[in-house]
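1. here is a sequence together with a model predicted from it:
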Amino acid sequence: MNPQYRLITIGAALAALGSALPAQAEAPQLRVAAIAGLERTDAAPGTGAQDGFYYGVQLGADWDLGSVQVGVEGELGDSTAAALNLPGQPAQGLFGNAAVRLAVSLTGRSRVFVRGGYAYHKINSTLGPDFEGHGYVVGGGAEVDLANNLFVRGEYRFSNYGQSVRGQHFVGGVGLRF
């Protein structure tokens, strides 16, 4: 299945999960965030991890269930990382994930969260076939509300894309709630 269709299918399944939440849950609060940070992928096991600047956009929806929030989020991103700065070496390509998230409020303006779900990553190569990995992502972080709808977030996540290709992201972001 084409990776974009797989992400759409998983997103639809997560949206269906959200519609099945208890009746006492309010309408979801939608959010969008721009994120950036350090990306480290072990694209060729045994040759060492490759670092790059990661940047992306994240869309999500959260349902407030009182003491906790349950949410879904999807993300698309890219990275500047390349295996070596030599012609024909692999370079990081598209990253995508669709995750379920559970958040707990620390104060009225801050929360911590854990997340997990599906992860996709493409590594571009001019020497052979591109790598397209499908696997999982797990992580956690914190968010702080700055103003009415403006928030900042910090997060760590680990991804396993299959075939011994793993990645880590240390990202921060700024977003808006609607």
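-> Perfect, thanks for sending it. Residues are numbered from 1 along each chain as shown.
2. where does pLDDT dip in this protein?
-> Residues of the chain that meet the criterion pLDDT under 70 lie in 1-25, 43-49, 82-89.
3. what do you get if the cut-off is 80, keeping everything else the same?
-> Low-confidence regions of the chain, defined by pLDDT under 80, span residues 1-26, 43-50, 82-92, 125-128.
4. where along it do the strands fall?
-> Remark: strands of the chain, listed N- to C-terminal, are 29-42, 50-64, 68-79, 91-107, 110-124, 131-145, 150-162, 165-177; assignment by DSSP state E.
5. in JSON lines: those, plus mean neighbour count.
-> In this view, the C-beta of every residue, glycine as well, is placed from N, C-alpha and C. Formatted as JSON lines, the strands of the chain follow (neighbours: other CB atoms under 10 Å):
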{"stretch": "strand 29-42", "mean neighbour count": "18"}
{"stretch": "strand 50-64", "mean neighbour count": "18"}
{"stretch": "strand 68-79", "mean neighbour count": "20"}
{"stretch": "strand 91-107", "mean neighbour count": "19"}
{"stretch": "strand 110-124", "mean neighbour count": "19"}
{"stretch": "strand 131-145", "mean neighbour count": "18"}
{"stretch": "strand 150-162", "mean neighbour count": "17"}
{"stretch": "strand 165-177", "mean neighbour count": "19"}
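6. number of residues surrounding A27?
-> 8 (other CB atoms under 10 Å).
7. tell me the spacing between it and A61.
-> Noted for A27: a distance of 9 Å to A61, by CB to CB, to the nearest Å.
8. could you do V138 as well?
-> To A61, V138 is 20 Å away according to CB to CB.
9. what do you get for Q168?
-> Counting by CB to CB, the gap from Q168 to A61 is 26 Å.
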